[in-house]
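Colleague: compute the structure for the input listed below.
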Amino acid sequence: MALANRSKAVYSTCFFVAGCPFIQKKNNLETDLQSFEHENPYSSDVHVIQLDGREIILIGTAHISRESADLVGRVVENERPDCVCVELDSKRYDALSKRKRWINLNLKEIIYKKQLSTLMVNLILASYQKKLGSRLGVLPGTELLEAITAADRHKIPVALCDRDVRVTMRRAWHATSFFKKAYLLATLFASLFDKTEITEEKLTELKKTDVLSELMQELGEALPELKMVLIDERDTFLAEKIKRAQGEKIVAVVGAGHVEGIKKALFEDRNDQMEEINTIPPVSPVWKVIGWAVPALIIFSIGIIGWKKGGAVAGDNIIYWILANGIPSSIGAALALAHPATIISAFLAAPVTSLTPVIGAGYVTAFVQVMVRPPLAGEFETVLEDMSKVTGWWKNRLLKVFLVFMLAGFGSMIGTWVGGYEIISNLF
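Modeller: Sure thing, here's the model as predicted:
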């Protein structure tokens, strides 16, 4: 099935970080792994692999499929393995199993730790998955919870085998170029308002090897760095964790897009890669230098202007800097229909935060907005539904915090370039 354009491949990446990979690799194995698999009484989504005297039953699923959930429950019930491995980390397990999880969010702490953008992306992904799941009558990740529930019934140990979602997201962001970041974010936001209908029949078709190979090829061409982090590295991580599971018979439940990669990794020793792929890369020193160089250049320019042209001219440039930063940032906060105190804080904070890479105006205004208009408990519960409606971003107080963060920060960024250009131009 040929894709209409590459944006669909990028669009599909929205599923990966939240644990919903529908994409599958081509089978590049030099050794035909089918020879390692025994006949099984289940569907073609179940792969029975013999490895070092152990039996690994690998189930490839779609995370919003009732059929997959039923299959997982049946396999665990029939096989009674020594351990059940699932494609979850502790954070995503809590997100799936605790329906009241959003109420416990400490927004002040999230803003203080500069994790607001990460939270927003997680919510967007969760919103899109929930929307797809509601059309199919099944919640996202139901088959993973079914595996855990079935294991608990028979007192079978459960292993959470996926990499920490925060590490995955940070590595994916670090690996993506600036322009592709913008492309990905635009696609991510567009997914919120997508009206495409996906049925169980379409999911079944999408899980077929030829379709998934075509989709994987498109993704690899459009965003090879992202594919490496979201698919290839997690294939390795999942496979190594599955091999570390205790027992002679293991049932592993993973997204269909990981099956072929995991099958290859199971027969290779990739333990030496685990530390590297589970580490968040540090920020490049180049960006740190640039982050401090820009404000230093502006301050230096104002100093030179004062020395050459007098204190009055330098004062005029300082006033210009304040207005150039404060006005666009406060306009951004106003467009978000923020509290008046938040709008004022945007005007006051932007000229200062633009001179330091430590914190941005968006974080300051978001914190003020949370202080003066904290989200209500009910708004945390409806946030996923509200995200898919344009008006919901202004009505839901939690989403309004995100709007303030983005629009005030964007206004400050515009002001930095406008004000900086004017001040440096005045040197000559």
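
Colleague: quick one: the helices in the stretch 101-250 of the chain, in order.
Modeller: Remark: helices assigned in the stretch 101-250 of the chain by DSSP state H, counting those that start in this stretch are 107-112, 116-136, 142-153, 165-175, 178-192, 200-206, 209-222, 224-227, 233-244.

Colleague: so the residue nearest to D45 when sequence neighbours are not counted bridges to which residues?
Modeller: With sequence-adjacent residues excluded and distances taken as Cβ to Cβ, 6 or more residues apart in numbering, D45 is closest to G60, at 4.7 Å. Where C-beta positions appear, they are placed from N, C-alpha and C, glycine not excepted. On the basis of DSSP bridges, G60 is bridged to V254.

Colleague: who are the contact partners of G60?
Modeller: Contact analysis of G60 by Cβ atoms under 8 Å, 6 or more residues apart in numbering lists 24, 45-47, 207, 254-256, 258-259.

Colleague: in TSV, list these along with distance to G315 and pLDDT.
Modeller: Shown next, in TSV, are the contacts of G60 (distance: Cβ to Cβ, whole Å; pLDDT from 0 to 100):
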residue	distance to G315	pLDDT
Q24	64	35
D45	71	86
V46	74	92
H47	73	93
K207	67	54
V254	63	92
G255	60	87
A256	64	84
H258	61	88
V259	66	89
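
Colleague: go through those residues and flag which are in strands.
Modeller: 46-47, 254-255 (DSSP state E).

Colleague: can I see the domain layout of this protein?
Modeller: The record's domain parsing of the chain by automatic domain parsing lists 7-277, 285-425.

Colleague: least reliable of these going by mean pLDDT?
Modeller: Mean pLDDT across the domains of the chain is lowest at domain 7-277; the value there is a mean of 75.

Colleague: can you give me the helices in the stretch 251-400 of the chain?
Modeller: With DSSP H, counting those that start in this stretch, the ranges of helices along the stretch 251-400 of the chain come out as 259-266, 274-277, 285-309, 311-335, 340-353, 361-372, 377-387, 392-395, 397-425.

Colleague: beta partners of the residue nearest to L144 when sequence neighbours are not counted?
Modeller: Of all residues not flanking L144 in the chain, V86 sits nearest, at 4.9 Å (Cβ to Cβ, 6+ apart). With DSSP bridges as the criterion, V86 is bridged to L160, V253.

Colleague: since we're on V86, how many residues are nearby?
Modeller: As a burial measure, V86 scores 29 neighbours (other Cβ atoms under 10 Å).

Colleague: that one is in contact with G141, isn't it?
Modeller: No - counting by Cβ atoms under 8 Å, V86 stays clear of G141, with 9.3 Å between them.

Colleague: got the phi and psi for S284?
Modeller: With angles defined as degrees, to the nearest 10, S284 sits at phi -60, psi 140.

Colleague: show the pLDDT at it.
Modeller: For S284, pLDDT reads 73.

Colleague: what about it, distance to E381?
Modeller: Using Cβ to Cβ, to the nearest Å, S284 is found at 40 Å from E381.

Colleague: who's more crowded, the two?
Modeller: For S284 versus E381, neighbours defined as other Cβ under 10 Å are more numerous around E381 (15 against 10).

Colleague: what angle separates the helix or strand where I56 lies from helix 259-266?
Modeller: Per DSSP states H and E: I56 is located in strand 54-61. Strand 54-61 and helix 259-266 are oriented at 160 degrees to each other (axes from the mean of the first three to the mean of the last three Cα atoms, to 10 degrees).

Colleague: quick revisit: neighbour count and distance to A182 for the ones in strands among the contacts of G60 - can I get that in CSV?
Modeller: Below are these laid out as CSV (neighbours: other Cβ atoms under 10 Å; distance: Cβ to Cβ, whole Å):
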residue, neighbour count, distance to A182
V46, 21, 40
H47, 22, 39
V254, 28, 31
G255, 28, 27
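
Colleague: ok, these vs N278, which is closest?
Modeller: V254 (17.6 Å; Cβ to Cβ).

Colleague: that closest one: what's it in contact with?
Modeller: Taking Cβ under 8 Å, 6+ apart as the criterion, V254 is in contact with 58-61, 86-87, 238, 262.

Colleague: okay, the helices of the stretch 251-400 of the chain, which one's buried deepest?
Modeller: helix 361-372 (a mean of 25; mean count of other Cβ atoms under 10 Å).

Colleague: give me the contact list for that helix.
Modeller: Residues outside helix 361-372 that contact it (Cβ under 8 Å, 6+ apart) are 107-108, 111-112, 114, 116, 325, 329, 333, 338-339, 341-342, 345-346, 349-350, 353-354, 400-402, 404-406, 408-412.

Colleague: and the angle from it to helix 311-335?
Modeller: Using the same axes, to 10 degrees: helix 361-372 against helix 311-335 is 60 degrees.

Colleague: from A62, how far out is the residue nearest to T142 when sequence neighbours are not counted?
Modeller: Excluding the flanking residues, the one nearest T142 by Cβ to Cβ, 6+ apart is A69, at 4.5 Å. To A62, A69 is 10 Å away according to Cβ to Cβ.

Colleague: contact partners for K108?
Modeller: 367, 370-371.

Colleague: go with 10 Å
Modeller: Neighbour list for K108: 366-367, 370-371, 374 [criterion: Cβ atoms under 10 Å, 6 or more residues apart in numbering].

Colleague: kindly report the same for G415.
Modeller: By Cβ under 10 Å, 6+ apart, G415 lies in contact with 321-332, 350-351, 354, 361.

Colleague: would you mind listing the residues in contact with the closest residue to it other than its chain neighbours?
Modeller: Counting by Cβ to Cβ, 6+ apart, N325 is the residue found nearest to G415 once chain neighbours are left out, at 3.6 Å. If you count contacts by Cβ under 10 Å, 6+ apart, N325 has them with 346-355, 361, 411-416, 418-420.

Colleague: out of the contacts of G60, which comes closest to M228?
Modeller: Proximity of the contacts of G60 to M228 (Cβ to Cβ) peaks at H258, which lies at 13.9 Å.

Colleague: just give me the neighbour total for the nearest residue to the closest one once chain neighbours are set aside.
Modeller: Excluding the flanking residues, the one nearest H258 by Cβ to Cβ, 6+ apart is D235, at 5.6 Å. The burial count assigned to D235 is 24, neighbours taken as other Cβ under 10 Å.

Colleague: isn't D235 up against I262?
Modeller: Yes - counting by Cβ atoms under 10 Å, D235 touches I262, with 5.4 Å between them.
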